[in-house]
Structure formats: C-alpha cells, structure tokens
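J.: below is the sequence, then the predicted model.
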Amino acid sequence: MTEVKTAPEPMAATGGETDQPIVETRGLEVRFALPTHFLSREKPVLHALNTVDVAIKPGETFCVVGESGCGKTTLGRAIIGLQEPSAGEIYFNGQRIDQMDERTRKPIRRDMQMVFQNPYASLNPRRNVFDTLAEPVRHLMPEKSSSEVRAQVEDVLSATGCDPSWQRRLPHEFSGGQRQRIAIARALVTNPAFIVADEPISALDVSIQAQILNLLTDLQTERGLTYLFITHDLSVVEHFGTRVAVMYLGQVMELADTTTLFATPKHPYTRLLLDAIPQLEGGSFDKPRTPGELPDPVNLPKGCPFAARCPLATDLCRKERPRLRQLETTATQVACHHTE
Amino acid sequence: MAMLEIDDLRVAFPRGKTDEIEALRGVSLRLEKGERLGVVGESGAGKSMLAFAILNLIAEPGRVSHGEVRFEGENLLDLSDRQIRSIRGNRISMIFQDPMVTLNPVLTIGQQMIETLKAHRRISRREAHRLSVEKLKMVAIPSAESRMDAYPHELSGGLRQRVVIAIALLTDPELIIADEPTTALDVTIQAEIMALILKLCRENDVALILITHDLGVVAEVTQKLMIMYAGKCVEAGDTQTIIGNPKHPYTSGLLQALPQKAERGTKLYQIPGSMPPITALPNGCPYHPRCPRATEECRAFMPDMKQGVACYHPLLSAEETV
C-alpha cells in the first residue's frame, strides 16, 4: 500500500477475473470547503476521506463500518459517482471512472447502483412504482423498447418479492419494509454487478430487518452481485460480510476478513467498537469505560486521528499519522503504530 | 404495594365523529423501588404511548380512556395539572430520544438546569448553580463548571444526552422513564450512555423504565422485561428468563431474527409480514396472521395474560423454537 502515488499499470478490461478487483480506490480523498468567516483568512476544510485504498473483489460483501462522520457514506457516494473526489483514483473493472465525462460514464452506471438508507426519503412520493423502476432502464438503457422495459420491471419485482399489482401504486401506500424492497428493485432493474447499500436496514423495524437481509443474500447468490455494505451495526457485519473495513475520521483503520476481524481485532478502535456491542447475556456494560468523542474533522489532529481516545497512544502517534500496512502474522491490514 | 402500579391502561384517539380507536389496549405492570424494566416493541406497538400515558401527557385529541396509574398509591390520572407538576419532572423524570429536541437551543445549559431546579425547589440561584454543576460532574462531563455557560449546539451528541441525563437527575427522582435514549447516538457513545444510566440507577436506587427496540440494550440494563405488540403486552417477566426461554412466538421470532443468533452465512429467521396498524387490527390475537402456531382459537379470541404470556400456544421449553 506504499506505492499509492505511482502510476497504475494499464489493465485490460477483461483481465484475470480472479485477481482483478471489481472496484478499487487509490489514494481517494474527499474534502469539503466550509464557508469562511468574513474576518478570517483561514479557509476551513473538512476532510471526509483521507487517502482511502480499498479493493473490492467480485462476488464479495465488502462491509464498511464506523460511527457517524467517519466517511463511510462519502466513500460509497464517491465510488458510485455521486460525489466528486478531490484527489485519488477510482477504478471499475480496471477502468478508471472518476475522470470520465458523463457520456462515457453512462454505460457504466448501469453496472453500479445504490440502495439508500431511508426508503421514506429515497422514493419519489409522486411517482408510482412502475415509473420509479422504469426510469433507470429508460435512461441508462435507451436501446430497450417499451415492452422490454415493462418485462424488465416485472422481472425485478418478482425477484425482490414485490407483488406485480404494486406497479400502479404510490410509495405512501407501502410499509417501510415494502418500500425498501422497491428501492432494492430500483437498484437492480438495470442488472448491475455492483451495489452500494448504505445502511439499508437501519431505518427498519427489527422484525423487518431480517427479511431485507435475507433478500439481499438471496439476490447475491442468484445474480452474483458484489456489495459494498455500509453499516454501523457490527452484528450485521459479522453475519453478512466477507471482508470489513473499519473507518474512523475518513481513514481506514483496519481491513480484514470478517472472521479474522472478529476473532483477533488488531486496532484499538476496532476493539472499542466490538466492546460497545450490547450482549444478550448482559454484563458487558459493567466494565469501566473511558468517555470519548470524535475529534473535529475540520481541524484534524496531525497524528493518528484516534490518538485522543486511544489507550496505547504515545508521542509518535500524536506526531505521525500511521499508514495502513499489512501485518506479518495475519492477513489483516491495520493503521496503527503499536499493533503487531 | 409496589412503587408504580398500572392497571388495564388504555389510550384512545377519536376516529370520525363518534368512533374511537385504541392505541394502547390494556396494559398492566408493577415496578418496585429501584427496579429496572425494559419495554420492547416495534414502532407503533404503543411503547411511547405507555410512557406518555404514565405521566398524563397524552395530547389532545387522544385521551386515557381507561385504567389507573398509581405512583406510591396515588392515581396520577386523577391529579390536577398543578398537582401532577409536582411529580412530573420532579419525582418522575424523563429522558427522550433526541437531545437536540429536548434541550432549548436559545438557553445555556446552566439556565435550563437552574430553571428546572427552581421550578421544583425553593432554593437560591447560587445553590441551584452548585447542585447543577454537581450533577454535570456526576454524568462525567469534562470541565463541568464552564459547560454551564455553553449552548446545546456547542456540545456533541453524546455530551448533550449526558446533559439531559443530568437534568433528569437534578431533582433526585425515584423513577426515570427513558424513551429510546441512545437511538440517535453512535454505538460507542450508546455503550457509554447506557453504562452511565445503569450505574446511576444502581447507585441512587432509582427505578427505570427503558423503552427501546434493542433487545441487546435491554439485556444489559434491565431486570424485568415487557414485550409489546399492537398496543398490548404479549409477554412480561424476568429479562434473562425471557431472553433465554421466550414463551410468546413473537418474542421467540424477534430473538431468532437477530444476526448474532444465527450461524454465519446461513439465512436469518424471518417473521413474515409486518405489524398491522392499529386502525386495521385483525380479530383475535393481533399476531396471528404472522404466527406459525396460530389456530382457529387465535383467530377468534384474544388470549389473556397467563403466567407472563398472552398466547394460547406458548413455547414450553428453551429448546423449542417457532
């Protein structure tokens, strides 16, 4: 992960399927310029993503976990093309997509779709289900005739467990779980290979969450989908994820196989997150906890962003930001000076 | 006599000119001094309605149509507005979900705390200030003295919720009702806040009614548990007993649907369908359309609470699952 700055070797679009990641980011950064104070010369900048390098393999469920403000949603939006990166590169099947103009990018958009957190906000209340689902096909696959569009909509409705009779109905007639099914159907209607799912179950009731998670699992098996699954819920990751990236203040702190991460968490922040999961057996809230807050992402500390909350922090951590590095003993990558 | 006794509490809202529908359909419970109770259910199950009804806070046009809420033997529903104000926010405190909504954005933390104290106690400003700082220290707010002059927007979400807890503790209440106190917060902050609430309740012998949808949080914090569905209590009892050995098919389904209960890579148990809205409840047991054990009896009659469960076909042993 040290050769981030070097020019990427040209990759054939049909290269070796086993090795080539479906989505890759290199040194990805997103910065937001904040309004300046009229008396001040300072130009405050919020660092939402700080040199993020991830490579997502075809067919896997790549989970991104972290607390609010850690940049997990920004990462998803940057990859899908809803947020322009400030620096770095994004590849899809070996093709660089972040600098493409809209016309060349359009055919790629069919292959990358997104499911949003809140199905009450992500569906247009004035559009019936058929129009909502037909829109992406009409826009991204203009070669389709109207009967083909209709067939495609009906296919995806039955694949996501929606009733065909829903087509003429409006979003307000549906419950949260039904709406999320419709939102998933909309993401799948152009037959994409890659889906960004941004907290797709956190707005839903407990008994509905399992239904939607099972639906996502089924669709992955049937269609060979690759997921970028953004969540704050580690118990969902443990059940559902292939690999996990733990993010903190715009940086990946730890990246590992799900089983490895839960069995041997390496980064102190990962351990803090795991300790925060309430247990059905009880008793884990009796442990002493040190209160901690996320530092201000506008004035990022120079060193490790986690240093202020970290029990292992030393002067080195406060001075120098650790880079994500491969551990020798396990397959884990970790950004910490004090982990072996 | 228990500290809090609720009998057959019902809340109704008008529908049309003459009709009424019930949002809370007969809930009873007992809470002893210093005891912690969790109330769990999906949105629309009536959990918050129960909290509001206990404090006689049901807003027009809704009303408590039936039942009693006895706090230390006194029926809170019979009290005048003036009388209930000496209990609400004083002997019974509340913590709500979103601290940004609970706190007044144009008053400093100190002003809000002192105002609360002066409303309930005859004390000087200086004494109120001293007590407020003491409570802020109790909830582990760093540099408490200077935070008194801060406005809510200057604090992070976790600190704001700590302030709300400090305000709830100001009057040394006997009971705290916390309605989803950590739902708006991050996981690590949730753990901190819930651990703090647990510690403070234990140390000061304060009773707690914790309303949440998170069975994990309830397992960590409470001793007793009540599961609500469609305005009714369907199962009640000791928290760890219910979690280890749920009797109602709904409770069992909720627990089995948790990802931490399932083996990695396997499919999760899923409860079919969704909870009916209170405007369109089925006959009989409200859970029967989703229940794998439902029979003719369930479709016709609502089962009463017997041995902690309202079900004609409860699960008998821990091995049994729906």
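T.: Yep, it's here.

J.: for the one residue sitting closest to the centre of chain B, give me its contacts.
T.: With distances taken as CA atoms, centre = their mean, the residue of chain B nearest its centroid is B:Ile211 (2.5 Å). B:Ile211 sits next to B:Gly38, B:Val39, B:Lys47, B:Ser48, B:Leu50, B:Ala51, B:Ile177, B:Ala178, B:Asp179, B:Glu180 when contact means CB atoms under 8 Å, 6 or more residues apart in numbering or on different chains. To be clear about C-beta, it is placed using only N, CA and C from the backbone, and glycine gets the same treatment.

J.: residues in the stretch 201-322 of chain B within reach of chain A, list them.
T.: The interface of the stretch 201-322 of chain B toward chain A, taken as CB under 8 Å from any CB of the partner chain, is made up of B:213-217, B:219-221, B:239-240, B:243, B:253-255, B:257-262, B:264-265, B:267-272, B:274-275.

J.: out of those residues, which end up buried?
T.: In these, burial by neighbour count holds for B:213-217, B:219-221, B:239, B:243, B:253-255, B:257-260, B:262, B:268-271, B:274-275, counting by 16 or more other CB atoms under 10 Å in any protein chain shown.

J.: out of the residues you listed, list just those in strands.
T.: Using DSSP state E to define strands, no part of these is located there.

J.: once you drop chain neighbours, what's closest to the closest residue to chain A within the stretch 201-322 of chain B?
T.: Taking CB to the nearest CB as the measure, the point where the stretch 201-322 of chain B comes nearest chain A is B:Gly216, at 3.2 Å. Nearest residue to B:Gly216 in three dimensions, chain neighbours excluded: A:Pro278, at 3.2 Å (CB to CB, 6 or more residues apart in numbering or on different chains).

J.: what about the one you found, neighbour count?
T.: Residues near A:Pro278, counting by other CB atoms under 10 Å in any protein chain shown, number 24.

J.: tell me the contacts of it?
T.: Contacts for A:Pro278 were tallied using CB under 8 Å, 6+ apart; they are A:Ser284, A:Phe285, B:Ala191, B:Met194, B:Asp214, B:Gly216, B:Val217, B:Ala219, B:Glu220.

J.: can you pull the residues of the stretch 51-200 of chain B lying near chain A?
T.: For the stretch 51-200 of chain B, the residues found near chain A under the criterion CB under 8 Å from any CB are B:140, B:142, B:156, B:158-159, B:186-192, B:194-195, B:198.

J.: tell me which of the buried ones among the residues of the stretch 201-322 of chain B next to chain A fall in helices.
T.: B:Leu215, B:Gly216, B:Val217, B:Ala219, B:Glu220, B:Val221, B:Thr239, B:Ile243, B:Gly253, B:Leu254, B:Leu255 (DSSP state H).

J.: what ranges do the helices span in the stretch 101-250 of chain B?
T.: When assigned using DSSP state H, counting those that start in this stretch, the helices of the stretch 101-250 of chain B occupy the ranges B:109-120, B:125-138, B:144-147, B:157-169, B:187-204, B:215-221, B:239-244, B:249-256.

J.: closest to chain A out of the contacts of B:Ile211?
T.: Comparing every one of the contacts of B:Ile211 with chain A (CB to the nearest CB), the shortest separation belongs to B:Gly38, at 11.1 Å.

J.: can you tell me the helix or strand for that closest one?
T.: When elements are assigned from DSSP states H and E, B:Gly38 belongs to strand B:36-40.

J.: okay, angle between that strand and helix B:187-204 too, please.
T.: Regarding strand B:36-40 and helix B:187-204, their directions subtend 140 degrees when assessed with axes from the mean of the first three to the mean of the last three CA atoms, to 10 degrees.

J.: from the rest of the structure, what touches strand B:36-40?
T.: If you take CB under 8 Å, 6+ apart as the criterion, strand B:36-40 is touched by B:29, B:31, B:47, B:50-51, B:198, B:201, B:207-215, B:217-218, B:221-228, B:239, B:254.

J.: what's the first helix or strand after it?
T.: Following strand B:36-40 in sequence order, the next helix or strand is helix B:47-54 (DSSP H and E).

J.: off-centre distance for that following helix?
T.: Helix B:47-54 sits 8 Å away from the centroid of its parent chain (CA atoms, centre = their mean, to the nearest Å).

J.: quick one, that helix and strand B:36-40 angle?
T.: With the same axes, to 10 degrees applied, the angle from helix B:47-54 to strand B:36-40 works out at 130 degrees.

J.: show me what counts as buried in the longest helix along chain A.
T.: Secondary structure assigned by DSSP H gives helix A:206-223 as the longest helix of chain A. Neighbour counts using 16+ other CB under 10 Å place A:206-217, A:219-220 of helix A:206-223 among the buried residues.

J.: next: stretch B:233-250.
T.: For stretch B:233-250, the neighbour count (16+ other CB under 10 Å) marks B:233-237, B:239, B:242-243, B:245-250 as buried.

J.: and which of these is nearest A:Gly250?
T.: For A:Gly250, the closest of the buried residues of stretch B:233-250 turns out to be B:Ile243, at 37.8 Å, with distances computed as CB to CB.

J.: measure the closest one to B:Thr182 for me?
T.: The span separating B:Ile243 from B:Thr182 equals 19 Å under the rule CB to CB, to the nearest Å.

J.: around A:Phe275, how many other residues sit close by?
T.: That one is not Phe; residue A:275 is Asp. By the other CB under 10 Å criterion, the neighbourhood of A:Asp275 contains 15 residues.

J.: list the contacts for it?
T.: For A:Asp275, the contact set (CB under 8 Å, 6+ apart) comprises A:Ser284, A:Lys287, B:Ala191.

J.: identify the residues contacting the last one.
T.: In this structure, B:Ala191 makes contact with A:Asp275, A:Ala276, A:Ile277, A:Pro278, A:Phe285, A:Arg289, judged by CB under 8 Å, 6+ apart.

J.: cutoff 7 Å now
T.: Listed by CB atoms under 7 Å, 6 or more residues apart in numbering or on different chains, the contact partners of B:Ala191 are A:Ala276, A:Phe285, A:Arg289.

J.: from those residues, which are also near chain B?
T.: Here is what survives when these are matched to chain B using CB under 7 Å from any CB of the partner chain: A:Ala276, A:Phe285, A:Arg289.
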